[in-house]
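In: Provide a 3D model corresponding to the input given below.
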Amino acid sequence: MTIKPLVLLPDPVLRQHSEPLERVDGDVRRLVDDMLETMYDAPGIGLAAIQIGVPRRLLVIDVAKEEEGRQPQIFINPEILASSDERSVYEEGCLSIPDYYAEVERPARVTVRHLDIDGNERTVEADGLLATCLQHELDHLNGVLFIDHISKLKRDMVVRKFTKLAKSRPASAL
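Out: Residues are numbered from 1 along each chain as shown. Here you go, the predicted model:
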């Protein structure tokens, strides 16, 4: 397992649409291992493959409380089948936009179909933090960031800040 460098705002890679995986094989399993290692190291509760520069429809999530131990969930080629009319608001953050948080309103519940690590089709009914995390990570697969769900004024301020930070990073850090 390898910790991969995270793609950070304003990198245009984050706006790419991710392509479906054709099959679940050893390469995909290694990528999942690397993604989990990277997510736990960050630390975070979700990571989409595009956030490490791999434009594939793959995400990993672990919303377990610390005392419950690690409970990673893998979603290959996920798609939302249904979402509730009821809404909920969570303060979201993102590993690709470090140390920035904002309240985002999303559907309170979602039904997601995906493949598991063995290539079996699964359906998950999610609410609470899992529903929010799934929608956040699925957005990444479509080139959407959580800041796209906040006001234009706040979003523009965040983009300016991270663009300025990116310019000040030494070339070896990019």
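In: What helix or strand is the residue nearest to the spatial centre of the chain located in?
Out: Centroid-nearest residue in the chain, with CA atoms, centre = their mean: E137, separated by 3.1 Å. Element membership for E137 (DSSP states H and E) is helix 128-141.
In: tell me which strands and helices whichever helix or strand comes after that helix is in contact with?
Out: Counting by DSSP H and E, the element after helix 128-141 in chain order, helix or strand, is helix 152-168. Other helices and strands packing on helix 152-168, by 3 or more CB pairs under 8 Å, 6 or more residues apart in numbering; DSSP states H and E, are strand 97-107. (C-beta placed from N, C-alpha, C; glycine too.)
In: How about G44: what's its closest non-neighbour residue?
Out: Leaving aside its chain neighbours, G44 sits nearest to L95 (4.6 Å; criterion: CB to CB, 6 or more residues apart in numbering).
In: and L8, how many neighbours?
Out: Counted with other CB atoms under 10 Å, the neighbours of L8 add up to 20.
In: what's the spacing between it and R56?
Out: 19 Å (CB to CB, to the nearest Å).
In: what pLDDT does the residue nearest to G44 get?
Out: As predicted, L95 sits at a pLDDT of 98.
In: With R169 instead?
Out: 75.
In: Ok, L130 next?
Out: L130 is given a pLDDT of 98.
In: Other residues contacting the helix or strand bottoming out on mean pLDDT in the chain?
Out: Lowest on mean pLDDT, DSSP states H and E among the helices and strands of the chain sits helix 152-168, with a mean of 93. Contact partners of helix 152-168, identified using CB atoms under 8 Å, 6 or more residues apart in numbering, comprise L8, L9, P10, D11, I97, Y100, A102, I147, D148, L174.
In: Please apply the same query to stretch 88-95.
Out: Residues from elsewhere that reach stretch 88-95 (CB under 8 Å, 6+ apart): 6, 39, 42, 44, 47, 51, 99-108, 128-129, 131-132, 136, 145-147.
In: my guess is I80 meets H114, correct?
Out: No. Judged on CB atoms under 8 Å, I80 makes no contact with H114 at a distance of 10.0 Å.
In: Show me where this protein dips below the pLDDT cut-off.
Out: The model of the chain has pLDDT under 70 over residues 170-174.
In: redo that, cut-off 80
Out: 1, 169-174 (pLDDT under 80).
In: what number of residues lie near the nearest residue to E86 once chain neighbours are set aside?
Out: Among residues not flanking E86 along the chain, A108 sits closest, at 4.3 Å (CB to CB, 6+ apart). Residue neighbour count, defined by other CB under 10 Å, stands at 17 for A108.
In: Sounds good, over and out.
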